[in-house]
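*Asks:* no FASTA, just this:
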């Protein structure tokens, strides 16, 4: 099945609640159910699409991965089998009425998506007693710039009592709490089932220069009082190197200057954020005799 925007498939916004997602799914499921649209391939394809969308968006962990990595990144980590693993198809249609519920839900699910999928209520959702192994988690600490620009990291972990090492690609745009899924590196399965997965929980170290908020970056720069009055050009840091900007005359302390597109491209986004330079005014702690006389003269002039 081609990749689709799951939120658009269900006709809901990204911030929709679990109840809104469920209501939207059930309304569309009644409309496109194959029993109501016999011999209608278009309706069947739509029915598959909304079920795939609901299988992801009704599962908190899968929804988080989808929201974090976007459709393309999500499908690099999740196969269709992964998407429907643990999805209780029968329960999704329970009490819906209108001829779309009932005990044949799992049979319909297997017919539409293939016999490899079984009842979602059991662990793993596989037939023949096969069960997927448990998932493991480990925290990985990376630098601010590696999080913003991406990197490759060598990680070591223990699995089945053995030490393993793996080179992992950290995608650009990860943030604190982002999860990276490594398929098949969790606990072994049972009864011929697949191994679980390893989830890397990203922890980003603070940066001495930048503060990040989503895709936007913030830096602070201080200028002299005279420069605030007369204007000045200064160099400010960006992730690609210093950039020269003009601070206009009369700039008030705390004002931010925006450098469009000089921020970070968050995961799942095609657009970089901006860089904001917060301007401060340096007030000297001590003045020499000449400086004091000049300031006193300014004060007499109303400055």
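*Replies:* Perfect, thanks for sending it. This is a predicted model, so every value here is computed, not measured.
*Asks:* What is the neighbour count of residue 93?
*Replies:* Under the neighbour criterion other C-beta atoms under 10 Å, residue 93 is assigned a count of 24. Heads up, the C-betas are built off the backbone N, CA and C, glycines and all.
*Asks:* all strands of the stretch 1-150 of the chain, in order?
*Replies:* If DSSP state E, counting those that start in this stretch is used as the criterion, the strands of the stretch 1-150 of the chain fall at 136-142.
*Asks:* where does it dip in pLDDT?
*Replies:* Across the stretch 1-150 of the chain, the ranges flagged by pLDDT under 70 are 1-2, 90, 94-130.
*Asks:* That one: helices as residue ranges?
*Replies:* 6-10, 18-32, 41-57, 60-77, 80-84, 89-92, 105-113, 144-149 (DSSP state H, counting those that start in this stretch).
*Asks:* Where does residue 163 sit: helix, strand or coil?
*Replies:* Classification of residue 163 by DSSP: H, G, I helix; E, B strand; the rest coil places it in strand.
*Asks:* Enumerate the positions of stretch 58-72 that are buried.
*Replies:* 58, 59, 62, 63, 65, 66, 67, 68, 69, 70 (16 or more other C-beta atoms under 10 Å).
*Asks:* ok, so of these, who is nearest residue 213?
*Replies:* Nearest to residue 213 among those: residue 68, at 16.3 Å, using C-beta to C-beta.
*Asks:* could the helices of the stretch 1-150 of the chain go into a markdown table alongside distance to residue 267?
*Replies:* Listed next are the helices of the stretch 1-150 of the chain as a markdown table, based on distance: least, C-beta to C-beta, whole Å:
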| stretch | distance to residue 267 |
| --- | --- |
| helix 6-10 | 16 |
| helix 18-32 | 21 |
| helix 41-57 | 16 |
| helix 60-77 | 5 |
| helix 80-84 | 19 |
| helix 89-92 | 28 |
| helix 105-113 | 28 |
| helix 144-149 | 10 |
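*Asks:* Next up, the contacts around residue 275.
*Replies:* 216, 217, 218, 219, 236, 238, 258, 259, 262, 263 (C-beta atoms under 8 Å, 6 or more residues apart in numbering).
*Asks:* let's see it at 10 Å
*Replies:* Contact analysis of residue 275 by C-beta atoms under 10 Å, 6 or more residues apart in numbering lists 210, 216-219, 236-239, 243, 245, 256-264.
*Asks:* could I get the buried residues of stretch 58-72 as a markdown table with distance to residue 178?
*Replies:* Output for the buried residues of stretch 58-72, formatted as a markdown table (distance: C-beta to C-beta, whole Å):
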| residue | distance to residue 178 |
| --- | --- |
| 58 | 22 |
| 59 | 18 |
| 62 | 15 |
| 63 | 14 |
| 65 | 10 |
| 66 | 13 |
| 67 | 11 |
| 68 | 6 |
| 69 | 8 |
| 70 | 12 |
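*Asks:* quick check, nearest of these to residue 282?
*Replies:* Using C-beta to C-beta, those come closest to residue 282 at residue 68, 40.6 Å.
*Asks:* Now for the closest one: which residues touch it?
*Replies:* Listed by C-beta under 10 Å, 6+ apart, the contact set of residue 68 reads 74, 171, 173-175, 177-180, 202, 266-268.
*Asks:* on that earlier part again, so which of the helices of the stretch 1-150 of the chain is nearest residue 286?
*Replies:* It's helix 144-149; of these, that one is closest to residue 286 (C-beta to C-beta) at 35.3 Å.
*Asks:* Was I right to think residue 294 contacts residue 284?
*Replies:* No. Taking C-beta atoms under 10 Å as the definition, residue 294 is not a contact partner of residue 284, at 11.8 Å.
*Asks:* Looking at these two now, which is surrounded by more residues?
*Replies:* Neighbour tally, residue 294 and residue 284, criterion other C-beta under 10 Å: the higher count belongs to residue 294, 13 against 10.
*Asks:* Tell me how far the more buried one lies from residue 285.
*Replies:* In this view, residue 294 and residue 285 are 17 Å apart by C-beta to C-beta, to the nearest Å.
*Asks:* okay, now the closest residue to residue 172 other than its chain neighbours: neighbour count?
*Replies:* Spatially, and ignoring its direct neighbours in sequence, residue 172 is nearest to residue 150 (3.4 Å; C-beta to C-beta, 6 or more residues apart in numbering). If you count neighbours by other C-beta under 10 Å, residue 150 ends up with 15.
*Asks:* check contacts around residue 150.
*Replies:* 142, 169, 170, 171, 172, 173, 174, 265.
*Asks:* redo that, cut-off 6 Å
*Replies:* Residues counted as contacts of residue 150 (C-beta atoms under 6 Å, 6 or more residues apart in numbering) are 170, 171, 172.
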